[in-house]
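> Requesting a structural model of the entry that follows:
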Amino acid sequence: MDVQTTEQKAVSSHKDTALLLAAAVALLGGMFAFYYYEVQFNALVRVLILLGGAAVGLALAYQTALGKTLWGYVVGSRIEMRKIVWPSKQESIQATLMIAVVVLIMALLLWGLDSLLLWGVETLTGRGA
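Numbering: from 1, shown residues only. Prediction:
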């Protein structure tokens, strides 16, 4: 029974590899056609060919275990995005102003420390006088 599941995983792995390879070929084929037929077709037709290659590539990639895992992650991310509580305009302005004040205070403190150290070095070395 354990050997059978290992064989099924190996077959599934080979199938996934073949599907991902086909997806890459479809995507690259769409990109190649977009540039190869630059003279023969207008931009709209070429973009449709490119989007068709991308759609076929995505459809093939979704059929793999990796594709389904990735799609589950995307769905989970969308669910988590709905749970976010976004700040109001007033909260955003207040937070921005607080950050600006803290940055200004830190800039003044660092300028003061730098000036103090510069004065100390000039005093010790006798330069700058």
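> Going toward the C-terminus from the helix or strand hosting residue 29, what's the next helix or strand?
Take DSSP states H and E as the rule and residue 29 turns out to sit in helix 2-36. Moving toward the C-terminus from helix 2-36, the next helix or strand (DSSP H and E) is helix 43-62.
> Per-residue pLDDT of the residue positioned nearest the centre of the chain, please?
Nearest residue to the geometric centre of the chain (CA atoms, centre = their mean): residue 74, 12.5 Å. Residue 74 is assigned a predicted lDDT (pLDDT) of 93.
> roughly how far apart are it and residue 109?
Residue 74 sits 45 Å away from residue 109, going by CB to CB, to the nearest Å. (Glycine included, C-beta is placed from N, CA and C.)
> now swap in residue 33 and tell me
According to CB to CB, residue 33 stands 60 Å off from residue 109.
> now do residue 23
Separation of residue 23 from residue 109 (CB to CB): 55 Å.
> Compare those two (neighbour count), which wins?
residue 23 (22 against 10; other CB atoms under 10 Å).
> returning to that earlier point: for the helix holding residue 29, packing partners?
helix 43-62, helix 65-82 (3 or more CB pairs under 8 Å, 6 or more residues apart in numbering; DSSP states H and E).
> Save the ones you listed as a markdown table, and put in distance to residue 88 too.
Shown next, in a markdown table, are the helices and strands packed on helix 2-36 (distance: least, CB to CB, whole Å):
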| stretch | distance to residue 88 |
| --- | --- |
| helix 43-62 | 38 |
| helix 65-82 | 18 |
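> so what's residue 27 up against?
Contacts for residue 27 (CB atoms under 8 Å, 6 or more residues apart in numbering) come out as 53-54, 56-57.
> what's the nearest residue to it if we skip its chain neighbours?
Spatial nearest neighbour of residue 27, chain neighbours left out: residue 57 (3.7 Å); criterion: CB to CB, 6 or more residues apart in numbering.
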